[in-house]
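> next comes the sequence, and after it the predicted model I'd like to discuss.
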Amino acid sequence: MKKIFLIVSAFLFVANSYAQSIINEPEIAEGDSPVLQTQIAIIPEPVSLMKKAGTFTLPENVSIQASKSEGLQQSINFLSERIETATGKFVSSVTTANHPTIKLIINNQTDSQLGTEGYRLNVNPTQIVITANKPAGIFWGVQSLIQLFPVEIESKEVVEKISWKLPCVDVIDYPKLGWRGLMFDVARHFFTKDEVKVFIDNMVRYKFNLLHFHLTDDEGWRIEIKGLPKLTEVGAWSVKKTGTFGDFIPPTADEPRTYGGFYTQEDIKELVQYAQDRFVNIMPEIDVPGHSLAAIASYPELSCTPEAINYKVRSGEKIMDWSRGAPPLALVDNTLCPANEKVYTFLDTVITQVAKLFPFEYIHMGGDEAPHNFWEKNDQVKALMQREGLKTIPQVQAYFEKRVEKIVVSKGKKFMGWDEILEGGVSPTASVMSWRGLKYGIQASKDKHNVVMSPTDFAYLDYMQADQITEPRVYASLRLNKTYQFNPIPAGADPKYIIGGQANLWTEQIFNFRQVQYMLWPRAFAISESIWSPIEKKNWTNFVDRTEEHFKRLDFAETKYSPAIYDPIITVKRSADKQLMIELATEVNGLDVYYSFDNSSPDRFYPKYTGALTPPKDAGMLRLITYKGKQPVGRLISLPIADLQKRAK
Ligand code: ACM
């Protein structure tokens, strides 16, 4: 197989664009040179990648020359920092040089293929050249270049005894979508400014360019608003609880409300600048009229419900009844009152300041999951309906959304909301984030609304990615292979109006930043490839190979990720005679699962799974481990039989 590859590639290597192959192949056409590991594993998959003969070896003194255009300093800084940190080599930025190591060039004449974010990357035996129309393209080209280095380039300290060789390639690359987002919910759990910066550092490696910052919710208000001090004195703080969020015992009055935090306006400016320096925009979300308990606990007069004076910021106790589905029944009224003029004055103050702090063109105003049961019985809302001729409660929400949009537009910004804003009569200029599946986005695009696709089915990274026994419990699952099937421009949509795709990371069950990373990676690889790469370039098997290479990178970067692709997928059934049957599958090929029922930890000398298992009568525990050949790759998974019996019910 390998021989055939070599013969074929000897003839075709210059001419052929090919899917990236993760093969340790001898270097081509360089006589007696030693074997080189030339894994090419760029994520997201470039539009075109041609492998050429030879390799580039990083010299002792690395010089980076940039064309005189503005905006390249960020790319120079990024490259210099990575190279110096991991290789220990000296990197200089030069304006003139005979033969600089790396050239970053902004085209004098626009290269129409590349657009504003595309780039060409040429790695030759003695020089690397990145060209682009705009600085953003250079920055994304730099990300691909870093991915051509040996995986040790991600190390946070100097790695000795490495030959810093790169395969010679010609890459032409540009994104499918201009909005490539990750949503970070810092309301359910607060994450520090430094953690947000690391989030941004992590996302740019995979060419995400939009951080959707979910700043307010029932559990916290996270942004300082001048003139509304209680939002952060009261609204940013809850009682620290640990366990399964949503089931917490309601806090008592004497428990300290010291858990949480907020970003000052200076913090926000710093984050916006930090993101801009990495070609990332930050879109703020102020989630109203639902999800507003933190605001109401701060200013109860924003509610239609008199009992709101006793409301507190949620600490993870139950406040909604979801048994009927969405929208939920509220047990406490977490909605702003649509019939209260003070609400619109409040929102004007908030939006004025938010619009000044965030240069991005959109402000996201939420609109999701607003329970209507308190509105239905409220006299102020009834009077509003009569006055405005509103026939239904969804029309009341639509009235609210339109007024909010007017405020947003009056500050020079565009209005975006979750897809519930389509109900009850949406304004024609509203932009929609489709989360309850693709269908709302498809319809909205046909109705000429700008749409960002972030459907639960493919893009909810708070969902469990492995068996529930290893994960904090969430009500739904989303494995990597399903995430990889995300197509943000589905059949039936008007592609002209699909402006972006993104994944959402809600943090109810995410209590620390290591878990943030675990939930993001590798599923955000799949999202990035789905929103950057041409659909015909996507290939699951090849993607898994590249993902495994990137696991090595994340190891060097000390970024946490989920190894769930190596864990077995466990399905339980009952046979005709009611016996428990346990079926195992794996998400990726080439793995073997070994098991025990005797409480000991299996290795590859234990029985190998070949078909449905029925536990011996007295067994209390099934333990599983996955191997790739002789290497254990999965986690040891221990499943109480009683738990499996319950699942089979
Ligand atoms: C959402 O997930 N409630 C937008």
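Cool, the structure landed.

> what secondary structure does the closest residue to V426 other than its chain neighbours sit in?
Setting aside the residues directly before and after it, V426 is nearest to A398 in space (C-beta to C-beta, 6 or more residues apart in numbering), at 6.6 Å. In short, each C-beta sits where N, CA and C put it, glycine included. Under DSSP: H, G, I helix; E, B strand; the rest coil, the three-state class of A398 is helix.

> secondary structure class of the closest residue to the ligand within the chain, three-state.
Closest approach between the chain and the ligand, counting by C-beta to the nearest ligand atom: D368, at 3.9 Å. Of the three states, D368 takes coil under three-state DSSP.

> please enumerate the strands of the stretch 101-250 of the chain.
When secondary structure is read from DSSP state E, counting those that start in this stretch, the stretch 101-250 of the chain shows strands at 102-106, 119-123, 128-132, 165-173, 179-185, 210-214, 216-217, 220-221, 237-238.

> wait, the residue of the chain closest to the ligand touches H291, no?
Yes: when contacts are counted by C-beta atoms under 8 Å, D368 is listed as touching H291 (7.1 Å).

> ok, those two, which is more surrounded?
The residue with the greater number of neighbours, taking D368 and H291 and applying other C-beta atoms under 10 Å, is H291; the counts read 27 against 17.

> from I296, how far out is the residue lying closest to the more buried one once chain neighbours are set aside?
When the adjacent residues along the chain are set aside, H291 lies closest to D217, with 4.7 Å between them (C-beta to C-beta, 6+ apart). D217 sits 12 Å away from I296, taking C-beta to C-beta, to the nearest Å as the criterion.

> next one: stretch 354-362 to chain centre, how far?
Once both centres are worked out by C-alpha atoms, centre = their mean, to the nearest Å, stretch 354-362 turns out to sit 21 Å from its chain's centre.

> now that stretch: average pLDDT?
For stretch 354-362, mean pLDDT rounds to 98.

> just the CA coordinates of that stretch, formatted as CSV?
As requested, C-alpha coordinates have been extracted for stretch 354-362 and formatted as CSV (Å, rounded to 0.1, in the frame of the first residue of the first chain):
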residue,chain,number,x,y,z
VAL,A,354,-23.0,48.1,25.4
ALA,A,355,-23.0,49.6,21.9
LYS,A,356,-20.1,51.9,22.9
LEU,A,357,-18.1,49.2,24.4
PHE,A,358,-18.3,46.6,21.6
PRO,A,359,-17.4,47.8,18.2
PHE,A,360,-19.0,44.8,16.5
GLU,A,361,-22.0,45.6,14.3
TYR,A,362,-24.5,43.3,16.0
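
> residues touching that stretch, excluding its own?
Where contact means C-beta atoms under 8 Å, 6 or more residues apart in numbering, the residues beyond stretch 354-362 that reach it are 210, 223, 265, 268-269, 272, 276, 281-284, 286, 363, 408, 411-416, 431.

> buried residues in that stretch?
354-355, 357-358, 360, 362 (16 or more other C-beta atoms under 10 Å).

> stretch 479-489 too?
For stretch 479-489, burial by neighbour count (16+ other C-beta under 10 Å) applies to 479-480, 482-484, 486, 488-489.

> roughly how far out does that stretch sit from the chain middle?
Offset of stretch 479-489 from its chain centre (C-alpha atoms, centre = their mean): 13 Å.

> can you report phi and psi for Q276?
In this entry, Q276 is assigned phi and psi values of phi -60, psi -40 (degrees, to the nearest 10).

> nearest spatial neighbour of it, skipping sequence neighbours?
P359 (7.7 Å).

> low pLDDT regions in the protein?
Residue ranges of the chain with pLDDT under 70: 1-38, 97.

> tell me the SS of Q65?
From three-state DSSP, the assignment for Q65 is strand.

> what's opposite it in the beta bridge?
Assessed by DSSP bridges, Q65 has beta-bridge partners V94, K103.

> ranges for the strands of the stretch 401-550 of the chain?
With DSSP E, counting those that start in this stretch, the ranges of strands along the stretch 401-550 of the chain come out as 414-418, 431-434, 451-453, 498-505.

> output those strands as JSON lines; include the columns distance to A187 and mean neighbour count.
Shown next, in JSON lines, are the strands of the stretch 401-550 of the chain (distance: least, C-beta to C-beta, whole Å; neighbours: other C-beta atoms under 10 Å):
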{"stretch": "strand 414-418", "distance to A187": "14", "mean neighbour count": "23"}
{"stretch": "strand 431-434", "distance to A187": "16", "mean neighbour count": "26"}
{"stretch": "strand 451-453", "distance to A187": "19", "mean neighbour count": "30"}
{"stretch": "strand 498-505", "distance to A187": "12", "mean neighbour count": "24"}
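
> quick revisit: next up, the contacts around the residue of the chain closest to the ligand.
Going by C-beta under 8 Å, 6+ apart, the list of residues near D368 reads 287, 290-291, 417-420, 435.

> repeat that with 7 Å
Contacts for D368 were tallied using C-beta atoms under 7 Å, 6 or more residues apart in numbering; they are 290, 418, 420.

> ok, I637 next?
Remark: with contacts taken as C-beta under 7 Å, 6+ apart, I637 is in contact with 467, 469-470, 567, 623-624.

> and it, its phi and psi?
phi -110, psi 130.

> one more: E583?
The phi/psi pair for E583 (degrees, to the nearest 10) reads phi -110, psi 140.

> what pairs with it across the strands?
Beta-bridge pairing for E583 (DSSP bridges): T571.

> that one contacts R574, correct?
No: under the criterion of C-beta atoms under 7 Å, E583 lies out of contact with R574, with a separation of 11.8 Å.

> name the residues contacting each of these two.
If you check E583 and R574 against C-beta under 7 Å, 6+ apart, no residue is contacted by both.
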